[in-house]
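Undergrad: Pasted the sequence and its predicted model underneath.
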Amino acid sequence: MSDDQTVMPRALLVPVKGILLPDHIAKGFDAVSAFCPHPSDILIAAYPKSGSTWTQEIVDLLLHDGDAEICRRAPIIERTVLLESTTRIRRRSGLDQLKEMDPPRVIKTHLPLHMVPAGFGENKCKTIYVARNAKDTAVSFYYFCQMTTFSPETGPWESFIQKFMHGELAWGNWHDHVKGYWEEREKRDILFLFYEDMKENPRREVERIMKHLDLSLSDEVISRIVELTTFKKMKDNPMVNQSFVPKEIYNQSISKFMRKGEVGDWKNHFTPEKAAEFDEDYEKKMKQVNIPFRTQL
């Protein structure tokens, strides 16, 4: 089949509870909302392109005593289920995948907290939220949207960043997303991770995740997990790097799913004028909270 025949139409954005979602996800949202997890299930949440894949791989390795071979048993999207995923990108929807798995299951979501099924809170499921500074998130999300039909057309960087600032992208406004989980982190025992902290001291953050999951692994195993989850190792790991996703969905000749994994790449994309505009908007939206994001290390 030629490339022309395999091109999939771009997703459209549809509002659901005030949040824009890709149309194929919006269509099945009622069923997602009604999902009831088992108390032993683990939830990993993040705004897109904030470090959730990295966190998934760490959690899977922690749950399997750092055994690299076990964690190569299947692609990461089979080992950790995106709750709201649909058959557009996978053979089965996330809900269908979960029906076939025995608890404890590791479940991922990009949904803002107010759209996460109530059962996760009611059943006191272990929850991990990973957040990345807004500028680097915007850059990474831009390249992701360029390479996938999972997202609508992005337009040029200049218009994309305006959409990012105004919450006109899939999964809503970054500012509200991170604030929602931050403000509820203590009440709901959410482990709030920062991408920048994970880059700066990965061992410390792996140990924090281990303790949150009530696990106890040896120093040797922790060291192995840290090594296996470096950006280079994951980028070269076919069970993590999404190379298994068909080109008509993820065209990695445009941009790799795992592109740079750096802190501060935003400096290569923001003009001084745009950075100043972004910072002013950021201050207005984040003035009521004190979330210690860092835009460089």
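TA: On my side now, so go ahead.
Undergrad: rest of the way, CA atoms for contacts and neighbours
TA: Will do.
Undergrad: Settle this for me: residue 222 is touching residue 207, isn't it.
TA: Yes - contact criterion CA atoms under 8 Å: residue 222 and residue 207 qualify, at 7.4 Å.
Undergrad: And those two? Which one has more around it.
TA: residue 222 (22 against 18; other CA atoms under 10 Å).
Undergrad: secondary structure element for the more buried one?
TA: helix 219-228 (DSSP states H and E).
Undergrad: got the CA coordinates for that helix in PDB?
TA: Provided in PDB are the C-alpha atoms of helix 219-228 (Å, rounded to 0.1, in the frame of the first residue of the first chain):
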ATOM      1  CA  ASP A 219      20.500  -0.400  45.900                       C
ATOM      2  CA  GLU A 220      21.700  -2.600  43.100                       C
ATOM      3  CA  VAL A 221      18.300  -2.900  41.500                       C
ATOM      4  CA  ILE A 222      17.700   0.800  41.900                       C
ATOM      5  CA  SER A 223      21.000   1.500  40.100                       C
ATOM      6  CA  ARG A 224      19.900  -0.800  37.300                       C
ATOM      7  CA  ILE A 225      16.600   0.900  36.900                       C
ATOM      8  CA  VAL A 226      18.200   4.300  36.700                       C
ATOM      9  CA  GLU A 227      20.500   3.000  34.000                       C
ATOM     10  CA  LEU A 228      17.700   1.300  32.000                       C
END
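Undergrad: Pull out the buried positions in the following helix or strand past that helix.
TA: Remark: after helix 219-228, the chain's next helix or strand is helix 231-235, criterion DSSP H and E. For helix 231-235, a neighbour-count test (16 or more other CA atoms under 10 Å) marks 231, 234-235 as buried.
Undergrad: One more: stretch 160-177?
TA: Here stretch 160-177 shows 160-161, 163-165, 167-175, 177 as buried, counting by 16+ other CA under 10 Å.
Undergrad: now the strands: where do they sit in the protein?
TA: 13-16, 19-22, 42-45, 81-82, 106-109, 126-131, 190-194 (DSSP state E).
Undergrad: I'd like to know which of these is closest to residue 65.
TA: With CA to CA as the criterion, residue 65 lies closest to strand 106-109 of the strands of the chain, at 15.4 Å.
Undergrad: List the ones among the buried residues of stretch 160-177 that fall in helices.
TA: Among the buried residues of stretch 160-177, the residues falling in helices (DSSP state H) are 160-161, 163-165, 174-175, 177.
Undergrad: Closest one of those to residue 44?
TA: Distances from residue 44 to those, taken by CA to CA, are shortest for residue 177, at 13.8 Å.
Undergrad: residues in contact with that closest one?
TA: Neighbour list for residue 177: 47, 112-113 [criterion: CA atoms under 8 Å, 6 or more residues apart in numbering].
Undergrad: Report the central residue of this structure.
TA: residue 52 (3.6 Å; CA atoms, centre = their mean).
Undergrad: Now do it against residue 272, distance only.
TA: 29 Å (CA to CA, to the nearest Å).
Undergrad: Next: residue 75.
TA: Residue 75 is 40 Å from residue 272, by CA to CA.
Undergrad: Give me the more crowded residue out of those two.
TA: More neighbours surround residue 75 than the other of residue 75 and residue 272, with 18 against 10 (other CA under 10 Å).
Undergrad: Could I get the pLDDT score of the residue nearest to the more buried one when sequence neighbours are not counted?
TA: Leaving aside its sequence neighbours, residue 75 sits nearest to residue 239 (CA to CA, 6 or more residues apart in numbering; 4.3 Å). What the model reports for residue 239 is a pLDDT of 79.
Undergrad: now swap in residue 18 and tell me
TA: 93.
Undergrad: What is the neighbour count of it?
TA: 9.
Undergrad: What separation is there between it and residue 235?
TA: Distance from residue 18 to residue 235, by CA to CA: 35 Å.
Undergrad: quick revisit: contacts only, for the residue nearest to residue 75.
TA: 72, 74-76.
Undergrad: Filter the residues you listed down to the buried ones.
TA: 75-76.
Undergrad: and which of the contacts of residue 239 is nearest residue 266?
TA: For those, the nearest to residue 266 is residue 76 (27.2 Å; CA to CA).
Undergrad: Could you double-check that the closest one sits in contact with residue 57?
TA: Yes - between residue 76 and residue 57 there is a contact at 7.5 Å, judged by CA under 8 Å.
Undergrad: okay, and the common contacts of the two?
TA: Common neighbours of residue 76 and residue 57 (CA under 8 Å, 6+ apart) are residue 240.
Undergrad: The closest residue to residue 10 other than its chain neighbours: neighbouring residues, count only.
TA: In this structure, residue 10 finds its nearest non-sequential neighbour in residue 149, 4.6 Å apart by CA to CA, 6+ apart. Neighbourhood size, residue 149 [other CA under 10 Å]: 22.
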